[in-house]
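>>> curious how this folds, go ahead:
(one chain, ligands or ions: 1)
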Amino acid sequence: MRIHLGAAALVVVAGLVLGVSAVEWAVLAVCVGSVIGAECLNTAVEFVVDLVCPQFDERAGRAKDCAAGAVLVVAVAAAVAGLAVFTPHALDLIAPR
Ligand SMILES: Nc1ncnc2c1ncn2[C@@H]1O[C@H](COP(=O)(O)OP(=O)(O)OP(=O)(O)O)[C@@H](O)[C@H]1O
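The predicted structure is shown next:
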(Lines give C-alpha, C1' and ligand atoms only; values in the text may rest on other atoms or scores of the structure.)
Protein backbone atom coordinates (compact mmCIF):
# COMPACT_ATOMS: atom_id res chain seq x y z
CA MET A 1 0.00 0.00 0.00
CA ARG A 2 2.93 2.36 0.72
CA ILE A 3 4.25 1.70 -2.79
CA HIS A 4 0.82 2.40 -4.31
CA LEU A 5 0.46 5.64 -2.32
CA GLY A 6 3.98 6.69 -3.37
CA ALA A 7 3.11 5.98 -7.01
CA ALA A 8 -0.13 7.98 -6.61
CA ALA A 9 1.86 10.96 -5.28
CA LEU A 10 4.23 10.71 -8.27
CA VAL A 11 1.24 10.65 -10.66
CA VAL A 12 -0.17 13.84 -9.08
CA VAL A 13 3.21 15.61 -9.29
CA ALA A 14 3.69 14.49 -12.92
CA GLY A 15 0.14 15.62 -13.77
CA LEU A 16 0.79 19.08 -12.31
CA VAL A 17 4.23 19.45 -13.93
CA LEU A 18 3.07 18.24 -17.37
CA GLY A 19 -0.24 20.14 -17.22
CA VAL A 20 -2.61 17.27 -18.08
CA SER A 21 -6.19 18.07 -19.16
CA ALA A 22 -9.36 17.59 -17.08
CA VAL A 23 -10.24 14.36 -18.92
CA GLU A 24 -6.70 13.07 -18.37
CA TRP A 25 -6.99 13.89 -14.65
CA ALA A 26 -10.22 11.86 -14.61
CA VAL A 27 -8.45 8.88 -16.24
CA LEU A 28 -5.57 9.14 -13.76
CA ALA A 29 -7.97 9.42 -10.79
CA VAL A 30 -9.87 6.28 -11.88
CA CYS A 31 -6.56 4.42 -12.33
CA VAL A 32 -5.12 5.47 -8.96
CA GLY A 33 -8.43 4.79 -7.18
CA SER A 34 -8.77 1.36 -8.82
CA VAL A 35 -5.28 0.26 -7.77
CA ILE A 36 -5.66 1.50 -4.18
CA GLY A 37 -9.16 0.00 -3.96
CA ALA A 38 -7.89 -3.36 -5.29
CA GLU A 39 -5.06 -3.29 -2.73
CA CYS A 40 -7.61 -2.65 0.05
CA LEU A 41 -9.63 -5.68 -1.11
CA ASN A 42 -6.45 -7.78 -1.30
CA THR A 43 -5.58 -6.82 2.28
CA ALA A 44 -9.13 -7.66 3.38
CA VAL A 45 -8.87 -11.11 1.72
CA GLU A 46 -5.52 -11.72 3.48
CA PHE A 47 -7.02 -10.82 6.87
CA VAL A 48 -10.09 -13.02 6.34
CA VAL A 49 -8.00 -15.97 5.09
CA ASP A 50 -5.65 -15.65 8.10
CA LEU A 51 -8.72 -15.48 10.38
CA VAL A 52 -10.53 -18.54 9.02
CA CYS A 53 -7.43 -20.57 8.07
CA PRO A 54 -4.33 -19.77 10.13
CA GLN A 55 -2.79 -23.16 9.26
CA PHE A 56 -1.23 -24.06 5.89
CA ASP A 57 -3.91 -24.92 3.31
CA GLU A 58 -3.52 -24.95 -0.47
CA ARG A 59 -6.96 -23.29 -0.88
CA ALA A 60 -5.96 -20.46 1.46
CA GLY A 61 -2.82 -19.89 -0.59
CA ARG A 62 -4.81 -19.87 -3.83
CA ALA A 63 -7.30 -17.35 -2.41
CA LYS A 64 -4.44 -15.01 -1.47
CA ASP A 65 -2.70 -15.53 -4.83
CA CYS A 66 -5.92 -14.70 -6.72
CA ALA A 67 -6.42 -11.52 -4.68
CA ALA A 68 -2.78 -10.49 -5.22
CA GLY A 69 -3.16 -11.31 -8.94
CA ALA A 70 -6.17 -8.98 -9.15
CA VAL A 71 -4.02 -6.13 -7.81
CA LEU A 72 -1.33 -6.93 -10.38
CA VAL A 73 -3.84 -6.91 -13.27
CA VAL A 74 -5.29 -3.54 -12.21
CA ALA A 75 -1.82 -2.08 -11.60
CA VAL A 76 -0.56 -3.13 -15.07
CA ALA A 77 -3.68 -1.67 -16.73
CA ALA A 78 -3.19 1.56 -14.75
CA ALA A 79 0.46 1.72 -15.79
CA VAL A 80 -0.51 1.35 -19.47
CA ALA A 81 -3.14 4.10 -19.11
CA GLY A 82 -0.60 6.32 -17.32
CA LEU A 83 1.90 5.83 -20.15
CA ALA A 84 -0.79 6.70 -22.71
CA VAL A 85 -1.60 9.92 -20.81
CA PHE A 86 1.93 11.05 -19.95
CA THR A 87 3.95 10.03 -23.03
CA PRO A 88 2.59 12.73 -25.42
CA HIS A 89 3.10 15.43 -22.74
CA ALA A 90 6.63 14.21 -22.00
CA LEU A 91 7.49 14.17 -25.72
CA ASP A 92 6.10 17.72 -26.07
CA LEU A 93 8.33 18.80 -23.20
CA ILE A 94 11.44 17.23 -24.74
CA ALA A 95 10.76 18.21 -28.36
CA PRO A 96 7.99 20.86 -28.62
CA ARG A 97 5.99 20.72 -31.86
N1 LIG B 1 -2.61 -20.27 5.10
C2 LIG B 1 -1.87 -20.41 3.98
N3 LIG B 1 -1.81 -21.61 3.37
C4 LIG B 1 -1.09 -21.77 2.23
N5 LIG B 1 -0.39 -20.81 1.63
C6 LIG B 1 -0.42 -19.57 2.16
C7 LIG B 1 -1.16 -19.31 3.37
N8 LIG B 1 -0.98 -18.00 3.71
C9 LIG B 1 -0.19 -17.49 2.74
N10 LIG B 1 0.13 -18.41 1.81
C11 LIG B 1 0.98 -18.19 0.61
O12 LIG B 1 1.96 -17.22 0.91
C13 LIG B 1 1.82 -16.06 0.06
C14 LIG B 1 2.10 -14.81 0.87
O15 LIG B 1 1.08 -14.68 1.86
P16 LIG B 1 1.05 -13.46 2.87
O17 LIG B 1 -0.12 -13.60 3.76
O18 LIG B 1 2.41 -13.35 3.53
O19 LIG B 1 0.81 -12.28 1.91
P20 LIG B 1 1.77 -11.02 1.71
O21 LIG B 1 3.06 -11.46 1.13
O22 LIG B 1 1.80 -10.29 3.00
O23 LIG B 1 0.97 -10.21 0.60
P24 LIG B 1 0.99 -8.63 0.41
O25 LIG B 1 2.41 -8.28 0.04
O26 LIG B 1 0.01 -8.39 -0.72
O27 LIG B 1 0.54 -8.03 1.72
C28 LIG B 1 0.39 -16.14 -0.48
O29 LIG B 1 0.28 -15.50 -1.74
C30 LIG B 1 0.17 -17.64 -0.57
O31 LIG B 1 0.72 -18.14 -1.78
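
>>> near the ligand, which residues of this structure? Just list them.
42, 46, 53, 56-57, 60-61, 64-65, 68 (CB under 6 Å from any ligand atom). (C-beta placed from N, C-alpha, C; glycine too.)

>>> let's see that with 8 Å instead.
Residues of the chain lying close to the ligand (CB under 8 Å from any ligand atom) are 39, 42-43, 46, 49-50, 53-62, 64-65, 67-68, 71.

>>> got a quick PyMOL command for the buried subset of these?
Of the residues of the chain next to the ligand, the buried ones can be selected in PyMOL as follows, counting by 16 or more other CB atoms under 10 Å:
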select buried, resi 39+42+49+60+64+67+71
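
>>> tell me which of the residues of the chain next to the ligand fall in helices.
Within those, residues falling in helices by DSSP state H are 39, 42-43, 46, 49-50, 58-62, 64-65, 67-68, 71.

>>> in space, not sequence, find me the middle residue of the protein.
Nearest to the geometric centre of the chain sits residue 35, at 3.1 Å (CA atoms, centre = their mean).

>>> secondary structure element for that residue, which one?
helix 22-52 (DSSP states H and E).

>>> in that helix, what's buried?
Neighbour-count burial for helix 22-52 flags 24, 27-28, 31-32, 34-36, 38-39, 42, 45, 49 (criterion: 16+ other CB under 10 Å).
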